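Q: got a sequence here, can you model it:
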Amino acid sequence: MDLYFQGDLQSIKNEIKTEAECLGFSHIGFTIPDNPVHFDTYLEWIINGYAAEMEYLKRPESIARRKDPKLIIPACKSIIVVAMPYTPSGFEKRDYKFPKIANYAIGDDYHIIIPVLLEKLVKFIISKVYPVEVEYRIYTDTGPILEKETAQKAGLGWIGKNTCLIIPGAGSFFFLAEILINLPFDPDSIFEKDFCGNCTRCIDSCPTNCILQNRTIDANRCISYLTIENRGAIPEEFRKKLNGWIFGCDICQQVCLWNIKFSKEPEPNFFKTSVNIQKFDIISELKLDKSEFKNKYSKSPIYRAKYDGYKRNLLIAAGNNFNTELLDPINNIMKNDENPEIRELAAWVLKNK
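A: I've put the predicted structure just below:
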């Protein structure tokens, strides 16, 4: 069986890359499931509390699997890493109007779209190695794997000072996804260069100072974390600094020269539905009830913030850009919302408008 692999697997790598491109992935690389070089940095990040309340990152089994991907699939011999752009040409340079939504959330949820495409790519691989039995696992920001380091090992790019994977000539507005598979492909060369140089635009531009010097982020201070993963109140010290961001944040990518100079066309499925930023009305959003929120955003990344989290973000944005038209919907929330924390936040907005 191994002789079959050694004799033929490498000849189909280019075919796999072509198929991946046809599916909408702009970049693809192959690496091996050895221990990650930056695991100690990750562990230190966890120990120092920079993961905030993301408990799934702190579980012992999750930490162990990030150190050794073979704990996920013992038979794993290769990891295929793909990247898919999510920002239409020009959007990475767009004027972010109030309220602000991260670029990746404009279209449908990538957790819905990308796994389907990965399964198609695996099906293609299976057809090429038949009758060999293929064992695999797919992830797209969903599993215990150090994605950016794995992508760097697969030759896609380098980890920038803002912690994003930056692809030369393309920037960082990409989704990453992986296929752990039991086929021993020859690994691609590790991307060893660092083109950030002396630039600190991302660090200097972060309004909450969440970017650390070792290319990690203090999630406790990160606008993306505060408006998405965070289920509690947003500390008052950060509310003004959100400056209109109601879901995620693109500042550290928006100012990056690699994104200013380069862009890639995305897979069109991401821009079929979800958020129309040109017609976004914060007053209408504040009036959404739970059922309306679910119907509108069930296929959108915004649904990850949950109803109360989304309303919390809207209220803070309204407070930062208050006008008299917002008075009635905020008053209604303050008097009638079933969540006491949301009522309290509405009162805070009116008090500090």
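Q: in terms of pLDDT, where does the nearest residue to Lys299 once chain neighbours are set aside sit?
A: Spatial nearest neighbour of Lys299, chain neighbours left out: Asp108 (5.2 Å); criterion: CB to CB, 6 or more residues apart in numbering. C-betas here are computed from N, CA, C, even on glycine. For Asp108, the pLDDT comes out at 87.
Q: next one: Phe5
A: Reported pLDDT for Phe5: 49.
Q: which residues touch Ala51?
A: The contact partners of Ala51, by CB atoms under 8 Å, 6 or more residues apart in numbering, come to 45, 57-58, 219.
Q: got a quick ChimeraX command for the buried subset of those residues?
A: Buried residues within the contacts of Ala51, by 16 or more other CB atoms under 10 Å, are selected in ChimeraX with:
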select :45,57,219
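Q: and the two most separated of the contacts of Ala51?
A: Pairwise distances across those peak at 11.7 Å for Lys58 and Ala219 (criterion: CB to CB).
Q: which parts of this structure are strands?
A: 27-31, 78-85, 100-101, 136-139, 158-159, 165-166, 174-181, 245-247 (DSSP state E).
Q: which residues sit against the first one?
A: By that I understand strand 27-31. By CB under 8 Å, 6+ apart, strand 27-31 touches 13, 16-17, 20-21, 78-83, 150-151, 153-156, 167, 170, 174, 185-188, 190.
Q: grab the longest helix from this protein for me.
A: For the chain, the helix that runs over the most residues, judged by DSSP state H, is helix 110-129.
Q: distance from that helix to the middle of the chain?
A: Between the centre of helix 110-129 and the centre of its chain there are 20 Å (CA atoms, centre = their mean, to the nearest Å).
Q: among the contacts of strand 27-31, name the buried ones.
A: Applying 16+ other CB under 10 Å to those flags 16-17, 20, 78-83, 150-151, 153-156, 167, 170, 174, 185, 187-188 as buried.
Q: what residues does stretch 187-203 touch?
A: 29-32, 78, 152-158, 160-162, 166, 168, 211, 251-253, 255-258.
Q: go on, stretch 141-150?
A: Residues contacting stretch 141-150 (CB under 8 Å, 6+ apart): 31, 36-39, 42, 61-63, 65-66, 69, 72, 79, 81, 110-111, 137, 139, 159, 163-165, 175-178, 180.
Q: mind doing that once more with 7 Å?
A: 31, 36-38, 42, 62, 65-66, 69, 72, 79, 81, 111, 139, 159, 165, 176, 178 (CB atoms under 7 Å, 6 or more residues apart in numbering).
Q: repeat for stretch 336-353
A: With CB under 7 Å, 6+ apart, stretch 336-353 has contacts from 233, 308, 311-312, 315, 318-319, 322, 330, 333-334.
Q: for Pro36, give me its contacts.
A: Neighbours of Pro36 in contact, by CB under 7 Å, 6+ apart: 67, 146, 149.
Q: in helices, which of the residues you listed appear?
A: 67, 149.
Q: coming back round to it: give me the buried subset of the contacts of stretch 336-353.
A: Buried, going by 16+ other CB under 10 Å: 308, 311-312, 315, 318-319, 330, 333-334, out of the contacts of stretch 336-353.
Q: where does the stretch 201-350 of the chain dip in pLDDT?
A: 263-279 (pLDDT under 70).
Q: picking that back up, looking at the strands of the chain, which is nearest to Val116?
A: Among those, strand 136-139 sits nearest to Val116 (CB to CB), with 10.0 Å.
Q: from the contact counts, what lies against that closest one?
A: helix 110-129, strand 174-181 (3 or more CB pairs under 7 Å, 6 or more residues apart in numbering; DSSP states H and E).
Q: switch to 10 Å and redo it
A: When contacts are defined as 3 or more CB pairs under 10 Å, 6 or more residues apart in numbering; DSSP states H and E, strand 136-139 sits against strand 78-85, helix 110-129, strand 174-181.
Q: looking at these, spot the one closest to Lys290.
A: helix 110-129 (20.7 Å).
Q: so that closest one versus strand 174-181, what angle?
A: Calculated by axes from the mean of the first three to the mean of the last three CA atoms, to 10 degrees, helix 110-129 forms an angle of 40 degrees with strand 174-181.
Q: from Glu192, how far out is Thr87?
A: 27 Å (CB to CB, to the nearest Å).
Q: okay, the two: which has more neighbours?
A: Thr87 (27 against 8; other CB atoms under 10 Å).
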